[in-house]
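Asker: quick check, what structure comes out for this input:
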Amino acid sequence: MPVLNEADYLERAVRTVLDQQTTGPTELILALGPSTDGTDELAHRLAASDERIILVDNPGADIPKGLNRAIRASTRPTVIRVDAHSELSPGYAAAALQTLAETRAANVGGVMRADGRTPFQRAVARAYNSSIGLGGGAYHGGAQAGEAESAYLGVMRRSVLDEVGLFDETIRRGEDWELNLRIRTAGYRVWFDPALSVTYWPRESWARLARQFRATGAWRGELVRRFGWRNPVRFFAPPALVLAVVAAIIVGVLQLTGVLAGWLSLVLSLVYLPLIAYAVLVLAVAAGRGGGSGLRDKLWTLAVLPTMHLAWGTGFLAGVVTGAHGTVDTSRLGSRNTPLP
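Answerer: Next up, the predicted model:
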């Protein structure tokens, strides 16, 4: 479990891990980044209360580096990745181990069930759980078990990780997708099991959400630079939306200034159609079931979905053109934090 500034979530996340029932011994390795909100002190208290908890340092706070440090410190034949911003459902570990054995897969994952405690967070959760929000990947609501492109978090065979290599430490976001690509390229299976579920708590503010998705988009652009069309087509939808918005703005300005007129103006007005269709989809998600039902929840949804898509798409285009380089997801950093290297 890589951890950074998770004082509000860490204890519950740890408890859901330690409450898992398995037939063999378990250990929980926390890779601690340089938190400033009391997370490290909380982690040390938790470790002092349960010998199964092991602490390792992750001074750079990079997720793949933290994961690798934790895996190298582990001693068990199965690695279960956990997010400090999530909670495992009861029986998750035992069911995942059974699926791993039955399917002979190298990695097994389940459904991410986003949830929220405030109107804004519930709106983000509604977007996450919608097929429109994050592109309809299996772990965002799939119901059919089977081979998958990637796995949310993941329950992995240590022997396969040792064979294909651990997480690529040059990739700060999307490292799970890249690892699963190597696993599948090596001839192993990645498996989706809808019976497995993990509760995920999204970002708590608009600014942090935008920063998270901007960084994630930049790294997906980097992965496109590295792996081209091996990336799923759905990842190209947000940058297409950004380009459609830019085109609509340009056409609109030219029409308002009279530069465009007549039949050419009418033809170029077709650029508005994708945006109208997108607006209808956003309204449908906001008005639909799932998440909070209050008016504030629905209104926040109208802001959250475009924020996610436009931030992700803008980051993607920058990542494709210039590469992600040292782009960092700063959404876990508070205002008093020093920027990460």
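
Asker: got the contact list for the spatially closest residue to residue 216 that is not a sequence neighbour?
Answerer: The spatially closest residue to residue 216, leaving aside those adjacent along the chain, is residue 173, at 4.9 Å (CB to CB, 6 or more residues apart in numbering). C-betas here are computed from N, CA, C, even on glycine. By CB atoms under 8 Å, 6 or more residues apart in numbering, residue 173 lies in contact with 63, 215-216, 218-220, 324, 327, 329.

Asker: what pLDDT does the model give residue 138?
Answerer: Per-residue confidence (pLDDT) for residue 138: 61.

Asker: kindly report the same for residue 231.
Answerer: Residue-level confidence at residue 231 comes out at 89, pLDDT.

Asker: could you report the pLDDT at residue 217?
Answerer: Looking at residue 217, its pLDDT reads 96.

Asker: that should have said residue 295, apologies.
Answerer: 85.

Asker: neighbours of it, how many?
Answerer: 9 (other CB atoms under 10 Å).

Asker: before we move on, what SS does the residue nearest to residue 216 have?
Answerer: coil (DSSP: H, G, I helix; E, B strand; the rest coil).

Asker: against residue 63, how distant is it?
Answerer: The gap separating residue 173 from residue 63 is 8 Å, by CB to CB, to the nearest Å.

Asker: over to residue 323?
Answerer: Going from residue 323 to residue 63 by CB to CB gives 19 Å.

Asker: quick one, which of those two is more surrounded?
Answerer: The residue with more neighbours, out of residue 323 and residue 63, is residue 63; 23 against 15, by other CB under 10 Å.

Asker: next up, the contacts around the more buried one.
Answerer: By CB under 8 Å, 6+ apart, the residues touching residue 63 are 2, 167, 172-173, 175.

Asker: separation between it and residue 124?
Answerer: 20 Å.

Asker: cool, and residue 15?
Answerer: 23 Å.

Asker: more neighbours, those two?
Answerer: residue 124 (32 against 13).

Asker: so that one, which state does it fall into?
Answerer: What three-state DSSP gives for residue 124 is helix.

Asker: any chance of the contacts of residue 173 in CSV, plus distance to residue 312 and secondary structure?
Answerer: What follows is these, written out as CSV (distance: CB to CB, whole Å; DSSP: H, G, I helix; E, B strand; the rest coil):
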residue, distance to residue 312, secondary structure
63, 17, helix
215, 9, helix
216, 6, helix
218, 9, helix
219, 10, helix
220, 8, helix
324, 13, coil
327, 13, coil
329, 12, coil
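
Asker: out of those residues, give me the one that has the most neighbours.
Answerer: residue 218 leads the contacts of residue 173 on contacts (other CB under 10 Å) with 29 neighbours.

Asker: ok, residue 195 touching residue 95?
Answerer: Yes. Using CB atoms under 8 Å, residue 195 makes contact with residue 95 at a distance of 6.0 Å.

Asker: show me where the stretch 51-200 of the chain has its helices.
Answerer: Taking DSSP state H, counting those that start in this stretch as the criterion, the stretch 51-200 of the chain carries its helices at 63-73, 92-103, 119-129, 158-164, 175-185.

Asker: out of those, which one sits most buried?
Answerer: A comparison of those by mean neighbour count, using mean count of other CB atoms under 10 Å, puts helix 119-129 on top with a mean of 25.

Asker: which outside residues touch it?
Answerer: Contacts to helix 119-129, defined as CB under 8 Å, 6+ apart, come from residues 112-116, 133-134, 140-141, 200-206, 209, 285-286, 290-292, 294, 296-298, 300-301, 303-305, 308.

Asker: buried among those? Need that as a selection in PyMOL.
Answerer: A single PyMOL command selects the buried members of these (16 or more other CB atoms under 10 Å):
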select buried, resi 112+113+114+115+116+133+134+140+141+200+201+202+203+204+209+285+286+290+291+292+297+298+300+301+304+305+308
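
Asker: among the contacts of helix 119-129, name the ones in strands.
Answerer: 112-114, 200 (DSSP state E).

Asker: in a markdown table, list these along with distance to residue 19.
Answerer: Shown next, in a markdown table, are the ones in strands among the contacts of helix 119-129 (distance: CB to CB, whole Å):
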| residue | distance to residue 19 |
| --- | --- |
| 112 | 20 |
| 113 | 17 |
| 114 | 21 |
| 200 | 18 |
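
Asker: alright, that wraps it up for me.
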